[in-house]
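Participant: I would like the atomic coordinates for the input below:
(chains A and B)
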Amino acid sequence: MSEALLSTVAVSGGFDDPVFQAQAVFRALMDAMARPGTVHDLPVSIAPPAPLGQGSGAVALAICDPDTPVWLGEGADSESVRAWLSFQCGAPVARDADRSAFAFARGTNMPAMDAFAIGTQEYPDRSTTLVVEVEALEGGVRLRLDGPGIDGQRVVGPVGLPEDFVAQRAANRALFPRGVDVVLVAGLRMMALPRSTVVSHVNETEAG
Amino acid sequence: MSAATALGEDLATYNFAYLDEQTKRMIRRAILKAIAIPGYQVPFASREMPMPYGWGTGGVQVTASILGPQDVLKVIDQGADDTTNAVSIRAFFQKVASVAVTTKTREATIIQTRHRIPEEKLQAGQVLVYQVPIPEPLRFLEPRETETRKMHALEEYGLMHVKLYEDIARHGHIATTYAYPVLVSGRYVMDPSPTPKFDNPKMDMSEALQLFGAGREKRIYAIPPHTRVVSLDFEDHPFEIQTFDEPCALCGAEGVYLDEVILDDRGGRMFVCSDTDHCEDRRAAGHRGSMSPDEAYAGHGKGEGEAAR
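Facilitator: Numbering: from 1, shown residues only, chains lettered A, B, ... in the order given. Next up, the predicted model:
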């Protein structure tokens, strides 16, 4: 891609109204984290360059900046994406996944969760938040969620997660309070699975 | 002319909600971590605010970072909407964010509070923002941050139980009445800020998201909705909340937290609701207490007689 085209890509497709759109995306994220498994709309128009999805782009511009190294996985990374993130929010790209504050990946080929920063027992907040693009947030294998923010239990069915996602989450939950927080995005819709949430297969635990 | 005036006003205004965007992002990231690790105190780079530490700078920074143009803000200080701290913080956000404000608990989307939880049950979608002076529940037992951090890391809370036990040994009961320590989601011992222990049960399995901001101490922590919050106690000395002998003198409410108001220098006093909105609501609905003005004016002298008893 030529230099000129690259710069055009980098400077377009961001928030029209950075202050209020960032606030709107953050509030959706906050509600999603506070109520794991609930689906939230991201009320913004945004056009990040391929292959970064709209939802991932919105999350990135809302909370990433020069203080937050980001890691880009296969299916979220390209020269254009790097230029776009650099121009739009100034976030440096981290070479190593475990040095990143935010990581963007695709569900179909996301690295194992233990590749990311999990924080320390004293400072569990020094961990990576993993933003995963999935095909859809509903209609997939049914997963049961338990934990803070959930009244009783909640069942979700995201489509396009790795097969061993539940096992990875169990290993992640065992590290608590350390661990990786996960945000699932599909288009401009999103749900969060903070580290406090216990994820299990519905059929595993249900007798009927 | 109007365009020129508008431009002049624009030049003089702050960024929405006072804080710059990078500060908001930093605080927002801390809030997200705080929600993901219920009860854990997330360090954040607290800013100087146009009010002194101790006036709610932590709560103000949290509110400023989550606030949007659609929000309706309520601010209370010891339960009251009309005391100095509440009035000035409300005016601050009206000025720097042009946000809608209310005194009605049920109309608010964000409630910033100093030392009380409203009597009315909070709803899903509401956010309660606490102003916190000392976020570390172990601080008066262990002054070193390195040590308290290790105690939280190792879930080593024996010292807190010793403190409560010493209360019992000295006074015969747990004498802590405010900032009563709680265990959040079975993991972190947390300071609920200097709310009376009367309010502790309201934190348990609340519908609302609860955020805590400590400006001087630079910590943010949170309790998501539907999260277990247990007040520490012993099997033979279970946790109990305060009870009051008489109902509110203005609205007759029982089972609410009351403030004592001294009336004269001869021992005259009255007990009234600490939650002014709750009290006004009840009076508007026709409830009367022993010292309600309209009863006193009715000429029977009944109100005064009861108060003097």
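Participant: At the geometric centre of chain A, which residue sits there?
Facilitator: Central residue of chain A (C-alpha atoms, centre = their mean): A:Val131, 1.4 Å from the mean position.
Participant: Dihedrals phi and psi, that one?
Facilitator: According to degrees, to the nearest 10, the main-chain angles of A:Val131 amount to phi -100, psi 120.
Participant: what sits up against the longest helix anywhere in chain A?
Facilitator: In chain A, assigned by DSSP state H, the helix with the most residues is helix A:18-34. The contact list for helix A:18-34 (C-beta atoms under 8 Å, 6 or more residues apart in numbering or on different chains) reads A:15, A:38, A:40-44, A:46, A:58-59, A:61-63, A:149, A:181, A:183, A:190-192, A:194, B:15-16, B:21, B:24-25, B:28, B:31-32, B:35-36, B:65-69, B:209, B:222, B:224-225. C-beta coordinates here come from the backbone N, C-alpha and C atoms, glycine included.
Participant: got the contact list for the residue in the stretch 51-200 of chain B positioned nearest to chain A?
Facilitator: Across the stretch 51-200 of chain B, no residue is closer to chain A than B:Ala153, which sits at 4.0 Å (C-beta to the nearest C-beta). By C-beta under 8 Å, 6+ apart, B:Ala153 lies in contact with A:Thr120, A:Gln121, A:Glu122.
Participant: Could you find the closest non-adjacent residue to the first one?
Facilitator: By that I understand A:Thr120. The spatial neighbour of A:Thr120 that comes closest, neighbours along the chain excluded (C-beta to C-beta, 6 or more residues apart in numbering or on different chains), is A:Arg126 at 6.5 Å.
Participant: residue boundaries of the helices in the chain?
Facilitator: All of this is about chain A. Assigned by DSSP H, chain A shows helices spanning A:3-11, A:18-34, A:54-63, A:79-88, A:165-174, A:202-205.
Participant: Chain B is the one I meant
Facilitator: For chain B, the helices defined by DSSP H cover B:2-12, B:21-36, B:57-66, B:84-97, B:145-153, B:158-171, B:200-203, B:276-284, B:293-297, B:302-308.
Participant: Same list, these, but as JSON lines with mean pLDDT and distance to B:Met51 please.
Facilitator: Below are the helices of chain B laid out as JSON lines (pLDDT from 0 to 100; distance: least, C-beta to C-beta, whole Å):
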{"stretch": "helix B:2-12", "mean pLDDT": "51", "distance to B:Met51": "20"}
{"stretch": "helix B:21-36", "mean pLDDT": "98", "distance to B:Met51": "16"}
{"stretch": "helix B:57-66", "mean pLDDT": "98", "distance to B:Met51": "6"}
{"stretch": "helix B:84-97", "mean pLDDT": "95", "distance to B:Met51": "7"}
{"stretch": "helix B:145-153", "mean pLDDT": "97", "distance to B:Met51": "25"}
{"stretch": "helix B:158-171", "mean pLDDT": "96", "distance to B:Met51": "32"}
{"stretch": "helix B:200-203", "mean pLDDT": "98", "distance to B:Met51": "26"}
{"stretch": "helix B:276-284", "mean pLDDT": "96", "distance to B:Met51": "22"}
{"stretch": "helix B:293-297", "mean pLDDT": "60", "distance to B:Met51": "34"}
{"stretch": "helix B:302-308", "mean pLDDT": "41", "distance to B:Met51": "38"}
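Participant: and of the ones you listed, who's closest to A:Ala101?
Facilitator: Evaluated over the helices of chain B, closeness to A:Ala101 peaks at helix B:21-36, with 7.6 Å, by C-beta to C-beta.
Participant: Compute the inter-axis angle for the closest one and helix B:57-66.
Facilitator: For helix B:21-36 against helix B:57-66, the angle by axes from the mean of the first three to the mean of the last three C-alpha atoms, to 10 degrees is 100 degrees.
Participant: Alright, that wraps it up for me.
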